[in-house]
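S.K.: I would like the atomic coordinates for the input below:
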Amino acid sequence: MALESGAVGIAVGGMLWNFQDHPDLGIEFALITGVIAGLSPVIARMLSIKFLDLDPEFKVVSPLTLLKISMLFATLSALLHQIWFFSQGLTEHFPMSFGVMAMSNLAGTWLVLMIFKLLLQSTAKPPSGSDS
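M.R.: Now for the predicted structure:
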C-alpha cells in the first residue's frame, strides 16, 4: 500500500510542480513528467527485486544493496526524464543532461538515505547495561 501511495504522491507532486513552474509547457507535459517521476521508483524497485535479489519486504537490505538500488533509480529516472525532455525538444545535449540529472538524483537519494539513517540511529534504544 505504501508503494502505491508513494508513487501516486510523487506523481501528483511532480505534476503540480511542473505545471506551476512551467505552465507554458502545458498540462500534458506536466502530467507525463509527473507520471515518469512516480513510476521511476516503482520500476527501479521491480528491477531490484528481479535482478539484485532485493527482499520485496525490505527486511534485509545491506549498505551495498542500498547503493545499487540508489544507482539504479538515479539512472533510470534520469534516463526516462531525459528521453521525454529530448522528445519534446527541451534537451539539446542528451548525454550531458542525462549525466547531470543522474548525478543529482544519486546525490539526492544518498542525502535522503543518510538522513533516515541518522534519524533511525538517534531514535534507537541504547543497549541495556544489564550484565549483572
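S.K.: which residue is nearest the centroid of the chain?
M.R.: Nearest to the centroid of the C-alpha atoms of the chain, with distances taken as C-alpha atoms, centre = their mean, sits Pro41, at 4.9 Å.
S.K.: give me every residue that touches Trp110.
M.R.: Trp110 makes contacts with Ser70, as judged by C-beta atoms under 8 Å, 6 or more residues apart in numbering. All C-beta atoms are positioned from the backbone trio N, CA, C, and that covers glycine.
S.K.: count of neighbours near the nearest residue to Leu113 once chain neighbours are set aside?
M.R.: Across the structure, with C-beta to C-beta, 6 or more residues apart in numbering as the measure, the residue nearest Leu113 apart from its sequence neighbours is Leu66 (6.1 Å). Number of residues near Leu66 (other C-beta atoms under 10 Å) recorded here: 16.
S.K.: how close does Leu66 get to Ser48?
M.R.: Distance from Leu66 to Ser48, counting by C-beta to C-beta, to the nearest Å: 10 Å.
S.K.: from what I can see the residue nearest to the centre of the chain touches Phe73, true?
M.R.: Yes: in this structure, Pro41 sits in contact with Phe73. The criterion is C-beta atoms under 8 Å, and the distance is 5.9 Å.
S.K.: I'd like to know how far His22 sits from Met15.
M.R.: Per C-beta to C-beta, His22 is found 11 Å from Met15.
S.K.: can you pull out the helices in this protein?
M.R.: Here the chain has its helices, by DSSP state H, at 2-21, 26-51, 63-87, 94-123.
S.K.: okay, those in JSON lines with distance to Glu57 and mean pLDDT next?
M.R.: Converted to JSON lines, the helices of the chain look like this (distance: least, C-beta to C-beta, whole Å; pLDDT from 0 to 100):
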{"stretch": "helix 2-21", "distance to Glu57": "11", "mean pLDDT": "91"}
{"stretch": "helix 26-51", "distance to Glu57": "10", "mean pLDDT": "94"}
{"stretch": "helix 63-87", "distance to Glu57": "13", "mean pLDDT": "92"}
{"stretch": "helix 94-123", "distance to Glu57": "17", "mean pLDDT": "90"}
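S.K.: follow-up on the earlier one: mutual contacts of His22 and Met15, please.
M.R.: Residues touching both His22 and Met15 comprise Ala30, with contact defined as C-beta under 8 Å, 6+ apart.
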